[in-house]
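S.K.: Using only what follows, build the 3D model:
(one chain, ligands or ions: 4)
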Amino acid sequence: MLIDYVKCTCCGACVDACPQNCIALTDFHNGFLYPQIDSNRCINCKKCESVCHVSHEIKGSASLLCVAVQSKDDMVLEHATSGGMFLHLVKVLPEGAYVVGAVYDEQMVVKHEVLPKSDVHKFCGSKYNRSETVGIFTEVKKILDNGKKVMFTGVPCQISALKAYLGKNCENLITCELFCHGQPSDLLFRKYVKNLEKKYSSKLVSYCFRSKSKGWDNQRIVYRFANGKEVCIKPEQDANWMAFGFHLSLMDSCFHCRYRILERQADFSIGDFWGIENIKQNFNIKKGVSALLINTDKGQRMFNRIRSEVNYVTCSFEEISLKNTGLYKNFSLTPKRALFWKDYETMPIDRLLTEYSKFDNGIRYKLAVIKKELVRHIKLIKNRAEI
Ligand SMILES: Cc1cc2nc3c(=O)[nH]c(=O)nc-3n(C[C@H](O)[C@H](O)[C@H](O)COP(=O)(O)OP(=O)(O)OC[C@H]3O[C@@H](n4cnc5c(N)ncnc54)[C@H](O)[C@@H]3O)c2cc1C
Ligand code: SF4
Ligand code: SF4
Ligand code: SF4
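M.R.: Numbers count the residues shown, from 1 in each chain. Ligands and ions are numbered 1, 2, ... in the order given. As a prediction, this is how the structure comes out:
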């Protein structure tokens with residue numbers, strides 16, 4: 001273990017930097033794989049420590065401009081999670097530029113990939129999973145060193161990991177971070193997918209977390225299977241989503257995140273503008289509205305080029321964060337989460353998720369915890385008495 005679980009974001013930049021190839025993400029803890037060093041091969045060069053973003057000072061700045069924004073293009077809005085900002089930013093990149101973002105592979109594992117501008121539709125849509133980034137930092141550095149333009153997208157700690165890995169400012173790099181609730185465990189998600197495949201007797205080929213079929217403000221989750229079956233459900237019927245919403249499946253460091261602050265490190269920060277209908281009535285809510293923070297001069301110049309293709313109104317950071325508190329403050333760690341990961345080891349996934357997603361953090365849950373702990377202790381005492 002290189003650093004504490006509460007700090008490490010499992011980005012794998014240390015893996016990329018190690019000249020001995022002796023670090024791997026293999027140390028399991030609370031649903032995530034953390035770096036482990038093979039001490040027999042380590043030469044103590046400390047490169048892994050020097051690239052780790054956790055030890056770097058945050059060099060961010062308060063946003064220059066905050067806007068509520070919606071694409072004028074219905075095709076863009078159809079594919080986007082919120083108001084389509086990601087696709088508009090890509091549109092104004094020069095030909096030959098590369099975009100880095102998250103895609104599902106055939107096993108439904110989310111990975112960061114580099115794609116030419118022409119293929120970016122593969123990045124569209126929020127995958128509420130941890131995106132694997134090992135290897136991406138080396139690849140991006142090579143492209144930048146060749147003088148090509150790159151737009152790197154990801155959650156704030158991934159942006160920070162790239163910047164720390166590069167160790168210098170790159171004029172041809174544009175960074176776009178997502179507002180971030182947190183990254184949920186991909187290992188848990190894989191188990192959940194296997195369970196769905198068993199239930200519907202077919203391979204899952206697509207999992208859309210934020211279908212707009214009933215409108216942006218009325219989320220639906222849609223699973224599609226290889227046998228053609230399509231299942232559309234409300235978020236509260238998806239136990240995996242509920243575990244994410246209740247913060248059970250989030251990485252340890254998401255509860256101690258350094259990036260939930262006003263000063264942003266990326267050129268742009270994009271998210272959903274929840275509650276916009278109570279602030280400005282300029283938008284068709286059903287189609288999705290983005291909150292966009294423009295944080296640098298480079299970002300400002302790019303935004304100037306998309307102004308005519310979007311509807312937007314200026315607003316404040318406070319208005320944007322009113323219903324998006326994760327932007328500026330951490331969530332509390334609850335005893336429920338600790339118990340959840342304890343039970344992850346032994347309980348079948350469907351039971352685990354169903355049991356934990358039906359309670360809130362109120363009195364009902366507290367009583368359930370007490371009952372559960374009592375049963376555990378009685379069993380322990382019984383076992384000891386039998387020995
Ligand atoms: C894990 C996660 C947590 C989020 N939490 C919040 C939140 O709390 N509040 C909020 O307002 N918005 C949050 N968002 C952002 C929001 O869901 C939209 O992604 C954002 O508004 C951009 O939407 P869009 O319409 O511009 O484009 P979209 O087409 O939806 O955005 C696509 C972009 O998202 C990137 N992306 C998709 N999945 C991932 C992933 N797993 N990891 C890294 N990058 C990914 C793609 O690479 C691409 O750059 C979160 C997104 C993710 C992935
Ligand atoms: S570089 Fe990333 S994976 Fe490695 S220790 Fe630091 S935060 Fe963890
Ligand atoms: S000290 Fe050097 S060799 Fe050892 S794990 Fe870190 S990067 Fe690799
Ligand atoms: S909450 Fe913070 S640490 Fe967690 S994934 Fe988001 S940016 Fe990274």
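S.K.: Show me what the helix or strand encompassing Thr175 packs onto, helices and strands only.
M.R.: Counting by DSSP states H and E, the element that carries Thr175 is strand 173-178. Using 3 or more Cβ pairs under 8 Å, 6 or more residues apart in numbering; DSSP states H and E as the contact criterion, the secondary-structure elements in contact with strand 173-178 are helix 85-91, strand 150-154, helix 156-166, strand 268-272, helix 297-306. Every C-beta, even on glycine, is put in place using the N, C-alpha and C of the backbone.
S.K.: Check which residues of whatever helix or strand comes next after that strand are buried.
M.R.: Scanning forward in sequence from strand 173-178 by DSSP H and E, the next helix or strand is helix 186-200. Counting neighbours by 16 or more other Cβ atoms under 10 Å, one finds that the buried residues in helix 186-200 are Asp186, Leu187, Leu188, Phe189, Lys191, Tyr192, Val193, Asn195, Leu196, Glu197.
S.K.: List the contacts of the last one.
M.R.: I take that to be Glu197. Contacts here follow Cβ atoms under 8 Å, 6 or more residues apart in numbering; on that basis Glu197 touches Lys203, Leu204, Phe225.
S.K.: cutoff 10 Å now
M.R.: Neighbour list for Glu197: Met108, Lys203, Leu204, Tyr223, Phe225, Ala226 [criterion: Cβ atoms under 10 Å, 6 or more residues apart in numbering].
S.K.: From the residues you listed, pick the one nearest ligand 1.
M.R.: Distances from those to ligand 1 were compared by Cβ to the nearest ligand atom; the smallest belongs to Met108, at 12.2 Å.
S.K.: wait, doesn't that closest one sit right on Phe225?
M.R.: No. With contact taken as Cβ atoms under 10 Å, Met108 and Phe225 are classed as non-touching, separated by 11.6 Å.
S.K.: Common neighbours of the two, please.
M.R.: If you check Met108 and Phe225 against Cβ under 10 Å, 6+ apart, the residues they both contact are Leu196, Glu197, Lys203, Leu204, Val205, Ser206.
S.K.: buried residues in stretch 144-153?
M.R.: Applying a neighbour-count criterion of 16+ other Cβ under 10 Å, one finds Leu144, Lys149, Val150, Met151, Phe152, Thr153 buried in stretch 144-153.
S.K.: End to end on it, go ahead and measure it.
M.R.: Using Cα to Cα, to the nearest Å, the gap from the first to the last residue of stretch 144-153 comes to 15 Å.
S.K.: do that stretch and ligand 1 meet?
M.R.: Yes. Using Cβ under 6 Å from any ligand atom as the criterion, contacts between stretch 144-153 and ligand 1 involve Thr153.
S.K.: Pick out the residue nearest the middle of this protein.
M.R.: Most central in the chain under Cα atoms, centre = their mean is Gln183, positioned 4.4 Å from the mean C-alpha point.
S.K.: Remind me what the lowest-mean-pLDDT helix or strand in the chain packs against, helices and strands.
M.R.: Least confident element among the helices and strands of the chain, by mean pLDDT, DSSP states H and E: helix 363-386 (a mean of 71). In this structure, helix 363-386 packs against helix 335-344, helix 349-357, with contacts taken as 3 or more Cβ pairs under 10 Å, 6 or more residues apart in numbering; DSSP states H and E.
S.K.: Now with 8 Å, please.
M.R.: For helix 363-386, the packing partners by 3+ Cβ pairs under 8 Å, 6+ apart come out as helix 335-344.
S.K.: So for the helix it packs on, mean pLDDT?
M.R.: In this model, helix 335-344 has an average pLDDT of 91.
S.K.: Just the angle for it relative to helix 186-200, thanks.
M.R.: Compare the direction of helix 335-344 with that of helix 186-200 by axes from the mean of the first three to the mean of the last three Cα atoms, to 10 degrees and you get 60 degrees.
S.K.: Domain-wise, how is the chain divided?
M.R.: Here the domain parsing of the chain from automatic domain parsing is 13-55, 65-183+250-327, 335-386.
S.K.: Next, the distance between the ends of the last one.
M.R.: This stretch, domain 335-386, spans 30 Å end to end (Cα to Cα).
S.K.: what's the distance between it and the middle of its chain?
M.R.: Computed by Cα atoms, centre = their mean, to the nearest Å, the separation of domain 335-386 from the middle of its chain amounts to 27 Å.
S.K.: quick one: it near ligand 4?
M.R.: No. Counting by Cβ under 6 Å from any ligand atom, ligand 4 is not contacted by domain 335-386; separation bottoms out at 14.0 Å.
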